[in-house]
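**Student:** Requesting a structural model of the entry that follows:
(chains A and B)
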Amino acid sequence: MSKQIKLKKGLNIRILGKADKILIPEERPGRYAIKPVDFPGLVPKLCIKPGDPVKAGSSLFFDKYRPEIKYASPVSGVVHDVVRGERRKILEVVIEAKGDDFEQFGKADPTGVDRDGVKEKLLQSGLWPAIRQRPYHIVADMTETPKAVFVSGFDTSPHGLDLDFIIDHLPVKHFNTGLAILGKLTDGSVHLSLSKNTTSPVLKSSKGVEIHTFSGPHPAGNVGIQIHHIDPVNKGEAVWYVNLQDVVAIGRLFNDGIYSPEKIIALSGSEVRKPRYYRTRTGACITSIVRDNINGTNNRYISGNVLTGQKIASDGFLGYYDSSICVIPEGNYHEFFGWISPGFKKYSYSRSFVSWMLPGKQFKFDTNLHGGQRAFVVTGEYERVLPMDIYPMQLLKAILVEDIDLMEKLGIYEIAEEDFALCEFICSSKIEIQSIVRKGLDLMVKEMS
Amino acid sequence: MKSLRKQVDKIKPHFEKGGRLYMFHSFFDAVEALVFVPDTVTQKGSHIRDGADMKRVMIVVWIALIPALLFGIYNIGLQHYLSIGEEVGFRQLIWFGFLKLLPLLVVSYVVGLGIEIIFAQIRHHEVNEGYFVTGLLIPLIVPIDVPLWQLVIAIVFAVIIGKEVFGGTGMNILNPALTARAFLFFSYPGWMSGDSVWIEGLVNGEGIVDGFSGATPLAQAAAHEIDSMPSVMGMFIGTIPGSVGETSTLAILIGAAILIFTGIGSWKIIVSVFLGGYGMGLLLNAFPVNPYLALPAHYHLVMGGFAFGAVFMATDPVTGTQTETGKWIYGLLIGILAILIRVLNPAFPEGMMLAILFMNVFAPLIDHYIVEANIRRRLKRAKSS
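**Tutor:** Residues are numbered from 1 along each chain as shown, chains lettered A, B, ... in the order given. Coordinates of the predicted model:
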């Protein structure tokens, strides 16, 4: 049975540079990297050293505190380098791609495997980290059984991916198997959320899932918002969720017995000459994708979307959970009396710039902060872009004073950084809200273990 | 612009750590940030940010205050020449008002910003924009003849005790501008109430037309002289004695429109203060034992500082309630209390200042119950699942 959920709060940022629906068939760069920093709370233990040959699916490292959870190489080749940062923290494990070898994990029919079998296979193949959980927005705890599993079938973020378009270019067979496998992990339902504008017959006719229809601006496409409205997480409960494209990878693991994290990603942003979709893999080096396609040199490269993504170098790597690369201009310039100017080119959620008179205008955003950091002053801003029954400012203040009890009462179990990204975007005090949320989540993980 | 930027970059090293003018670095930073928006780029979290910052928020409030400011300047001149029975041109009225108000503005900004800069330096913070608005509010809510030394003491008290001891803008419990006014009111009541302080020159009493009274409509109402009160339209337009910026409800409503349209001021608070005040006025009308109680409810909305308080004071996001539901309760109670104090308490002719300060103190309590309700909802949900 399908439910209609209408959300009013939120904001679709009118940003320039959305990718056209053109798919570049096969982009296979020479290097790939898995970045432990993509997984909050992970302390990696390496299983390889530079020079070791690996296949797609070979473990690169595992979690020190949960050694069953392995992180696998997306391609076959040779370990090129282990890049370390301060205090020898591992930042990237870089693989030089060569050949097309896969570790064989054996085919399995989803009807013939039980829950433990499914978990075992996902953990073995290094595909487990694709499954994440609320509370805490971290890689799922395999010893638990979630009350439900969620998949978001649409993306509302700025430069949002057209998941209808993407799913049409991925094997349907694997997608359906993937959903069936997810069903094995829970006693409850698998919830697939679609937009009211979703057209893809593949998504609309998915079997074995509960389909929910959402309407409304960003962050309606965030799985956290969907969970909140469908089956919210209470203390002591857990739900799991998987990105749509990772469902396909899970299906392939069971159908073909291999780990092949193929992905369709979008290259977008105002500085991209031809914003398009590319078929590549998790962890791909972006050099060959962005080459000869970027205007100017003073740009920021982002893995993920402009609200939640990570800053990477122009020869950096796609993040584990990311399906897009954005290129926008850096904002390292001084603006003369910017705070008093009428602001035809500046976007603001408040109507304090003349730009509100230009409905439908797409704005070119840069990375300038447009001000300095201040204490919380303006109230009622965050509530307008957070479609959850949560008091954002009160929760943030509870995190800042590290009041565990209050954080719990105010709903810390339901949130993730990405749900608060719009609050950060519109914050006139320029507070780093996503960092505060992560700090709160990390604190809860530590306190509760 | 570019050459100016070059000059700034050239002198900047002197103000940095180790430079010989380091002791003035907060002042330099504040001026630089005023002229040039910093070139800071996003480091963590969202890569793009909304164009509005605290300066933009404050300038919008400032712009919203301009109609009240201009009308205040006009009215200073108007009331003065009325009191001495001279007829002069519009330009002269404005010029007179401007010259009289200017010292108040200069004192307010020099003293207030000076303290802000000192505290920013001590705390190693950037100078906060909060005083940008407070500095304009204070001259608008005092009588024009207030002695400047009293104003200085009041501002020092309000900024240090009212705001900085709590940690600066965003941390204060009481509205700083109203704290300054309350300080004046209780320390120098002779200069803050009565019939003579509202009009320039009336205190000295030289050349005043015989029988001219500088009484505000509030004082007339309190004395039950309802018949001698100005017309509702006169009070709405604002050609009446009173604090500098509070007299013209029309100018204040233009400001309210700007605040509400830009989304910077909370329409919920503004509307609920007016509703609360009007409702209380109607309730008092039900017991018309004296002429003040029988005063039509809509009179209250255009008299005294009611409208100014509702639009510019109650909407201060820092000292008001932070929850959206709370804003309704907060506003209603301000409106109710203001009229209650005004009509039933003989000690205070105006209730708006005390009502807002009182509700500032209670705002966290209102929020507490709203947030508690959210917590209970969450616990109930957990139990039922």
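
**Student:** And the strands in the stretch 201-350 of chain A?
**Tutor:** Along the stretch 201-350 of chain A, the segments classed as strands by DSSP state E, counting those that start in this stretch run A:210-215, A:239-242, A:262-268, A:276-281, A:299-303, A:310-312, A:324-329, A:335-336.

**Student:** List, one by one, the residues from the stretch 201-350 of chain B near chain A.
**Tutor:** When proximity is defined by C-beta under 8 Å from any C-beta of the partner chain, the stretch 201-350 of chain B lies next to chain A at B:261-264, B:266, B:317-318, B:320-324, B:327. In this view, the C-beta of every residue, glycine as well, is placed from N, C-alpha and C.

**Student:** Once you drop chain neighbours, what's closest to the residue of the stretch 101-250 of chain B found nearest chain A?
**Tutor:** Nearest to chain A in the stretch 101-250 of chain B, going by C-beta to the nearest C-beta, is B:Gly170, at a distance of 3.0 Å. Closest residue to B:Gly170 in three dimensions, ignoring its sequence neighbours and counting by C-beta to C-beta, 6 or more residues apart in numbering or on different chains: A:Ala375, at 3.0 Å.

**Student:** again with B:Arg181
**Tutor:** B:Ile141 (5.2 Å).

**Student:** Thought B:Asn172 was touching the residue nearest to B:Gly170, still the case?
**Tutor:** No. A:Ala375 is beyond contact range of B:Asn172, at 10.0 Å (criterion: C-beta atoms under 8 Å).

**Student:** ok, those two, which is more surrounded?
**Tutor:** Taking other C-beta atoms under 10 Å in any protein chain shown, A:Ala375 and B:Asn172 do not tie; B:Asn172 has more neighbours (24 against 17).

**Student:** quick revisit: may I have the secondary structure class of the residue nearest to B:Gly170?
**Tutor:** Under DSSP: H, G, I helix; E, B strand; the rest coil, A:Ala375 falls in the coil class.

**Student:** tell me the secondary structure for the residue lying closest to A:Pro135 once chain neighbours are set aside?
**Tutor:** Once flanking residues are discounted, A:Pro135 sits nearest to A:Tyr413: 3.8 Å by C-beta to C-beta, 6+ apart. Per three-state DSSP, the secondary structure class of A:Tyr413 is helix.

**Student:** Number of residues surrounding A:Tyr413?
**Tutor:** 23.

**Student:** Could I get the pLDDT score of it?
**Tutor:** Note on A:Tyr413: pLDDT of 95.

**Student:** for A:Asn368, same thing?
**Tutor:** Looking at A:Asn368, the pLDDT reads 91.

**Student:** do the same with the one 3 residues further on
**Tutor:** At A:Gly371 the predicted local distance difference test score is 86.

**Student:** what do you get for the one 10 residues further on?
**Tutor:** Per-residue pLDDT puts A:Glu381 at 90.

**Student:** Who are the contact partners of it?
**Tutor:** Taking C-beta atoms under 8 Å, 6 or more residues apart in numbering or on different chains, we find A:Glu381 in contact with A:Tyr349, A:Cys423, A:Ile426, A:Cys427, A:Ser428.

**Student:** And it, how far from A:Thr308?
**Tutor:** Distance of A:Glu381 to A:Thr308, computed by C-beta to C-beta, to the nearest Å: 19 Å.

**Student:** Same question for A:Lys18.
**Tutor:** A:Lys18 sits 17 Å away from A:Thr308, taking C-beta to C-beta as the criterion.

**Student:** Tell me how chain A divides into domains.
**Tutor:** Domain assignment of chain A by automatic domain parsing yields the ranges A:3-256, A:266-357, A:382-448.

**Student:** Would you mind saying which of these lies nearest B:Pro13?
**Tutor:** domain A:266-357 (16.3 Å; C-beta to C-beta).

**Student:** what's the average pLDDT for stretch B:246-253?
**Tutor:** On average, stretch B:246-253 scores 95.

**Student:** How about stretch A:31-50?
**Tutor:** The average of the pLDDT scores along stretch A:31-50 is 94.

**Student:** ok, and does it reach over to chain B?
**Tutor:** No. Stretch A:31-50 does not reach chain B (C-beta under 8 Å from any C-beta); its nearest approach is 12.5 Å.

**Student:** send the alpha carbons of that stretch over as CSV?
**Tutor:** Only the C-alpha atoms of stretch A:31-50 are listed here, as CSV (Å, rounded to 0.1, in the frame of the first residue of the first chain):
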residue,chain,number,x,y,z
ARG,A,31,43.3,5.1,-10.1
TYR,A,32,40.7,4.5,-7.4
ALA,A,33,40.8,5.2,-3.7
ILE,A,34,38.9,4.2,-0.7
LYS,A,35,38.9,6.9,2.0
PRO,A,36,38.5,5.8,5.6
VAL,A,37,37.4,9.4,6.5
ASP,A,38,34.2,8.7,4.6
PHE,A,39,33.1,6.5,7.4
PRO,A,40,32.6,8.4,10.7
GLY,A,41,34.1,6.7,13.7
LEU,A,42,36.1,4.1,11.7
VAL,A,43,39.6,3.2,12.9
PRO,A,44,41.0,1.3,9.9
LYS,A,45,43.5,-1.6,10.2
LEU,A,46,45.2,-2.2,6.9
CYS,A,47,45.3,-5.7,5.3
ILE,A,48,47.6,-4.7,2.5
LYS,A,49,50.7,-2.7,1.8
PRO,A,50,51.8,-0.7,-1.2
